[in-house]
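Asker: Structure here, sequence nowhere to be found:
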């Protein structure tokens, strides 16, 4: 009977996919040049475009696809902690070879909402067997406000079709339409694909999937509970299979964990505002510009302000409450939706951009390993999925007559209220420069050069320029979402990112270039004037080629510098914090090191600082008022170790709990 139903609905299934694709093209496919423009804004799309080429390229060249030394050279970068979408890269590999990674990125971006809508359609129709209701439900998720925001350039976060697919597989297993072997195999593959699209979405899907399971278990009858326990065991089996298949990826992910900052982005700054569920941002066509003053107060940026559901859809959810008593699955579904919404509000309640003192449940999530890195605003994706399924179930309950027409009218209004504002979806021209043609790069730099590219990191198109060169050089830096822990002690990175010079600029850039084996600094178009002025003052050898300045790094033997590495966080002031251990290197000049405890909390006992210079060792007790001056000889490597650290009451950077000991100041003697 069910097989006949599936066959009967096959044309509608295909038609739904085609319609979703057409809608996606009409909304977002507003350019004719998919090979030289990309959908999105900001620096994020360039990393995805780079990854679509370099991930498969590493495999074909016999390189490790999990660690790339083309960026952040010579340390390299662990790509399991970048949004490198290896599963998507393999999916569109033929297209990348036939065209280029820009085309692949654009195709994936346009597929993302349509595919998410279609899989949700399949899920809703499996639950309701109402094609019209399911089509509306699919649209509400695939073209949700969350999806619109992430389409600004976050491919790993908008390509989310696996999430409703996982729910569909679980529903089929609970109803007995999938055997244990088939379910375990299909679920493991789906988990593996999601891992290759976004480890963040996979982690949050598992976390909220477990919460959803507990809620449904609490509301289920005895027979349903037995089925839920069975499916829990099957999911565990599938997870184990996935872990075996993904063992190389997981190995490098755990290996690279030490290089990931404790908090890449502060959760408080990327939590959903309660009013965002009621008021649209400029991403929405209807009302987006009218409520712009309210929307500008929401936490985060435009990509992360995707909680909006719209009043018609909220009204549908409210009307569902009248049917809770006669529809067994409705109560746990609505409770799940409410819990998901509560978690999306983050550790503290935000209302109209004002952070209140009311603590919320996600504050407990900040203590969980790994998942603490997730941004609560992104949990609105799960809210959108639950709301879409609830709407489809509500529509399917009325099969005919005026009641059905009224329900579908309200559902149509829900879709209308979520219609995107086409003006917000930019097609950014590819930043092409003639210098970065492969033959020009080889002629100017030779082969196997390592460079610093300006504008630096997220402030410039360095990933695209490197890709255009045919990967003809490596670079110390990149647009990777965060700076590796081992690189954060370099003061010069502040100059690069801010586009400014400074009193220690010559020393800092010399130290960085020598230790990172940089042969040249490429000063490209768009480099801030204060930074170019600081580079001019170096008076290093320079040439100009096709609009790019090539500043050659002098022979390291004639450069004298000092630097600090380890648990060290350079500040704008002369004094900077150290943590448990740092190393001070003096190359060619004596230095004066000042250790002070004057910024330590008064209630803390003195900290013991051990200073090791070769075979010599000394110890100093540093309390709040104490200052110790040390003279460091030239060409020395001096290690400072603290026997205790503390976490400041007012966290100083990005919300991460940095452990501090004393402040230091290093100056030439």
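Answerer: Right, received. Where do you want to start? Given the structure is predicted, the values throughout are model-derived calculations rather than measurements.
Asker: Any idea how far whatever helix or strand residue 355 lives in is from the middle of the chain?
Answerer: Following DSSP states H and E, one finds residue 355 within strand 354-359. Relative to its parent chain, strand 354-359 has a centroid offset of 25 Å by CA atoms, centre = their mean, to the nearest Å.
Asker: Please apply the same query to stretch 626-633.
Answerer: Worked out by CA atoms, centre = their mean, stretch 626-633 lies 42 Å from the chain centre.
Asker: For it, give the mean pLDDT please.
Answerer: Averaging pLDDT along stretch 626-633 yields 92.
Asker: what's near enough to touch the spatially closest residue to residue 504 that is not a sequence neighbour?
Answerer: Spatial nearest neighbour of residue 504, chain neighbours left out: residue 491 (6.8 Å); criterion: CB to CB, 6 or more residues apart in numbering. All C-beta atoms are positioned from the backbone trio N, CA, C, and that covers glycine. Residue 491 sits next to 504, 508, 570 when contact means CB atoms under 8 Å, 6 or more residues apart in numbering.
Asker: any idea which of these is least confident?
Answerer: If you rank the contacts of residue 491 by pLDDT, residue 570 sits at the bottom with 87.
Asker: what about that residue, neighbour count?
Answerer: 18 (other CB atoms under 10 Å).
Asker: follow-up on the earlier one: local confidence estimate at the residue nearest to residue 504?
Answerer: With respect to pLDDT, residue 491 has a value of 91.
Asker: again with the one 4 residues further on
Answerer: pLDDT, the model's per-residue confidence, is 94 for residue 495.
Asker: Tell me which helix or strand it sits in.
Answerer: Using DSSP H and E, residue 495 falls in helix 492-498.
Asker: tell me what the helix or strand following that helix is packed against?
Answerer: Scanning forward in sequence from helix 492-498 by DSSP H and E, the next helix or strand is helix 505-515. The contact analysis (3 or more CB pairs under 8 Å, 6 or more residues apart in numbering; DSSP states H and E) places helix 505-515 against helix 492-498, strand 561-569, strand 576-587.
Asker: how distant is the helix or strand that helix 505-515 is followed by from the center of its chain?
Answerer: Going down the chain from helix 505-515, the next helix or strand is strand 520-523, by DSSP H and E. Centroid separation for strand 520-523 versus its chain: 28 Å, with CA atoms, centre = their mean.
Asker: ok, back up a step: counting by contacts, list what the helix holding residue 495 packs against.
Answerer: Packed next to helix 492-498, using 3+ CB pairs under 8 Å, 6+ apart, are helix 505-515, helix 529-536.
Asker: thought residue 96 was touching residue 52?
Answerer: Yes: the pair residue 96 / residue 52 is scored as a contact, 5.8 Å apart, by CB atoms under 8 Å.
Asker: Give me the common contacts of those two.
Answerer: Shared contacts of residue 96 and residue 52, counting by CB under 8 Å, 6+ apart, come down to 89, 104.
Asker: More neighbours: those two, which one.
Answerer: residue 52 (30 against 23).
Asker: Am I right that that one sits in a helix?
Answerer: Yes: counting by DSSP: H, G, I helix; E, B strand; the rest coil, one finds residue 52 located in a helix.
Asker: That one contacts residue 90, correct?
Answerer: No: Residue 52 is beyond contact range of residue 90, at 9.7 Å (criterion: CB under 8 Å).
Asker: got a pLDDT number for residue 457?
Answerer: Residue 457 is given a pLDDT of 91.
Asker: who touches it in this structure?
Answerer: 43, 477-479, 483, 496-497.
Asker: Closest one to residue 535 out of those residues, please.
Answerer: residue 496 (10.7 Å; CB to CB).
Asker: Give me the neighbour count for residue 154.
Answerer: Counted with other CB under 10 Å, residue 154 comes out at 22.
Asker: I meant to write residue 525 there.
Answerer: 14.
Asker: Checking it next. Helix, strand or coil?
Answerer: Residue 525 ends up coil, using three-state DSSP.
Asker: Let me see the contact set for it.
Answerer: 433, 547-548.
Asker: same check, this time on residue 220
Answerer: 228, 332.
Asker: Tell me the spacing between the nearest residue to residue 180 once chain neighbours are set aside and residue 228.
Answerer: Spatial nearest neighbour of residue 180, excluding adjacent residues (CB to CB, 6+ apart): residue 234 at 5.6 Å. Using CB to CB, to the nearest Å, residue 234 is found at 11 Å from residue 228.
Asker: Those two - which one has more neighbours?
Answerer: Using other CB under 10 Å as the criterion, residue 234 and residue 228 rank with residue 234 on top: 21 against 16.
Asker: quick one: the helix or strand encompassing that one to chain centroid distance?
Answerer: Using DSSP H and E, residue 234 sits within helix 222-245. Taking CA atoms, centre = their mean, one finds the center of helix 222-245 at 29 Å from the center of the full chain.
Asker: For that helix, which outside residues touch it?
Answerer: 170, 173-174, 180, 183-185, 187-189, 191-192, 195, 206, 209, 213, 216-217, 220, 250.
Asker: Can you name the element that comes right after that helix?
Answerer: helix 247-255.
Asker: Rounded mean pLDDT for that next one, please.
Answerer: 93.
Asker: now swap in stretch 421-441 and tell me
Answerer: In the prediction, stretch 421-441 has an average pLDDT of 93.
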